[in-house]
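[1] 3D, please:
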Amino acid sequence: MKTIASLFFVTVAGNVAAFGQRANDTVTITTTPPGATVEWNRKVIGVTPLTCKVGEYAFNAHKSSLLSKHLDQPVNLHITLTGFNAVDMTITGGPLVWTSINRKTSFTYFVIGLQDFNFKLDKVSDAPKPITNSDVVDLHAAGFGDDVIIGKIDTTATAFRLQVSDMVELRRAGVSDVVIQAMLKKSTAHFVSDSRQIPNSPKGEAPPAGGWQLFEETALEGSISGMVQPGRIFKTTSGSVYEVTGLTLQLVLELQPEVTVLRNGNVYKLVVKGFEEPLLCRLLISVTVPKGSPPPSSTPGVIETQIDDDFEGWDGETIFKLSNGQIWQQAAYAYTYHYAYRPKVLIYFSGSAYRMKVEGVDSSVLVKRLK
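    Okay, here's the model as predicted:
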């Protein structure tokens, strides 16, 4: 399945780094290594490094009239280089809506959030790919018997999706109950084997290579809605805070969904009930203490406090006064409106800069400290 991410809210750890906005009307795209072909909404625009002119209106979230120039569709980049994994990236935020004063006319539009994008391309792995649901369906369609398919399942790494809807699709494709049971057994056996290891792993010690261990079983706090993408922050009812770092883009609407958190070294996987796919994350704050470990603390660089007064979102160079006496300023262009009185905020280090997550706002914003 093609993976998609959005850079309007910011970076994908280990894959993408975005730099500061320039005061002009161009987008610059570079890759490491260079020489990659770039498609802009399925049209080839050149080879990296490259700069393309798009117009100042594409970066401006404020529209004054029905005649204002605007992007009427998102901008999707597709970047390819032989020997490296392809990257698909949406570089716009939105849709936003402009409405006339009399509410009789309106239009939706999109805004490019940054002007410089540098993509670090990952080499194609030589390791065999794990078999998936579609592989099992293909084996069945090719006429292989249940014994052969089960033998393949038992001797190969797997990446099955086995929610009820997935099992129904497998059955409709003709996959037998025996094979589905083997898929469930393989997934359950792997999970149980991993989960039994975590209590003996001291906090901070990387688990055995290649294995996921059970870290905590809890629920996400509050109502979870909107688009889930890199940079999204989730807090659990146990008090842990996670930042999504893996490539994902899924629309969700769940109320305090149950979540199983798995850990492999410094990488965490959130398996959330109702979500289409797991989320790869990094841990910002932990309250989960494996047996024999010291009490947890916030990740270095994490600040938990409140806005000192009214909060009305951000629109370019917004200054945020905090109840702890610090003053921070928006560091990259983005527009969000949300009113709240003294909402809680979480400021954390992500990539090479600080981001601020405000309670009640799905997205986060790049910030720099003034005081």
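
[2] contacts and neighbour counts: CA atoms only from here.
    OK.

[3] what's around the nearest residue to Gln306 once chain neighbours are set aside, how many residues?
    Nearest non-adjacent residue to Gln306, counting by C-alpha to C-alpha, 6 or more residues apart in numbering: Lys344, 4.2 Å away. When neighbours are counted by other C-alpha atoms under 10 Å, Lys344 registers 17.

[4] do Ala332 as well
    By other C-alpha under 10 Å, the residues close to Ala332 number 24.

[5] what about it, distance to Thr236?
    28 Å (C-alpha to C-alpha, to the nearest Å).

[6] Same check on Val365?
    From Val365 to Thr236 the distance is 21 Å (C-alpha to C-alpha).

[7] Between those two, tell me which one has more neighbours.
    Val365 (24 against 21).

[8] so that one is in which element?
    In this assignment (DSSP states H and E), Val365 forms part of strand 364-369.

[9] So the residue nearest in space to the middle of the chain: helix, strand or coil?
    Nearest to the mean C-alpha position of the chain, by C-alpha atoms, centre = their mean, lies Pro230 at 2.4 Å. Assigned by DSSP: H, G, I helix; E, B strand; the rest coil, the conformation of Pro230 is coil.

[10] Kindly report the same for Ile180.
    helix.

[11] Touching, it and Asp166? I think so.
    No. Using C-alpha atoms under 8 Å, Ile180 is not in contact with Asp166, being 10.3 Å away.

[12] The two: who's more crowded?
    Of the pair Ile180 and Asp166, Ile180 is the one with more neighbours under other C-alpha under 10 Å, namely 19 against 13.

[13] so what's the more buried one up against?
    Residues in contact with Ile180 (C-alpha atoms under 8 Å, 6 or more residues apart in numbering) are 167, 170.

[14] and the strand or helix carrying Arg282, C-alpha only, in CSV?
    Here Arg282 sits within strand 279-285, counting by DSSP H and E. This file holds the C-alpha atoms of strand 279-285, laid out as CSV (Å, rounded to 0.1, in the frame of the first residue of the first chain):
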residue,chain,number,x,y,z
LEU,A,279,1.2,4.3,14.1
LEU,A,280,5.0,4.4,14.4
CYS,A,281,5.8,6.9,17.1
ARG,A,282,8.4,8.3,19.5
LEU,A,283,7.8,8.6,23.2
LEU,A,284,7.8,12.1,24.6
ILE,A,285,6.6,11.4,28.1
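
[15] still on that earlier bit, against which helices or strands is the strand holding Val365 packed?
    Counting contacts by 3 or more C-alpha pairs under 8 Å, 6 or more residues apart in numbering; DSSP states H and E, strand 364-369 packs against strand 327-330, strand 353-358.

[16] let's see it at 10 Å
    strand 319-321, strand 327-330, strand 344-350, strand 353-358 (3 or more C-alpha pairs under 10 Å, 6 or more residues apart in numbering; DSSP states H and E).

[17] got the buried residues for the longest one?
    When you say that, I think you mean strand 344-350. For strand 344-350, burial by neighbour count (16 or more other C-alpha atoms under 10 Å) applies to 344-350.

[18] Could you do the last one as well?
    Within strand 353-358, the residues that qualify as buried by neighbour count (16+ other C-alpha under 10 Å) are 354-358.

[19] Which of those residues sits closest to Ile319?
    Ile319 lies nearest to Met356 out of the buried residues of strand 353-358, by C-alpha to C-alpha, at 11.9 Å.

[20] partner residues bridging that closest one?
    Bridge pairing for Met356 (DSSP bridges) gives the partners Ile347, Val365.

[21] Roughly how far does it sit from Ser363?
    Distance, Met356 to Ser363, by C-alpha to C-alpha: 9 Å.

[22] unless I'm mixing things up, Gly46 is touching Gly35, no?
    Yes. Applying C-alpha atoms under 10 Å as the test, Gly46 and Gly35 come out as touching, 9.3 Å apart.

[23] Need the contact partners of the strand holding Val365.
    Residues outside strand 364-369 that contact it (C-alpha atoms under 10 Å, 6 or more residues apart in numbering) are 8-10, 20, 231-233, 313-314, 317-320, 326-336, 345-350, 353-358.

[24] again, but for stretch 130-138
    Contact partners of stretch 130-138, identified using C-alpha under 10 Å, 6+ apart, comprise 140-142, 144, 149-150, 152-153, 156-162, 166-167, 169-175, 179-180, 183.

[25] one more time with 7 Å, if that's ok
    Contacts to stretch 130-138, defined as C-alpha atoms under 7 Å, 6 or more residues apart in numbering, come from residues 156-161, 170, 173, 175.
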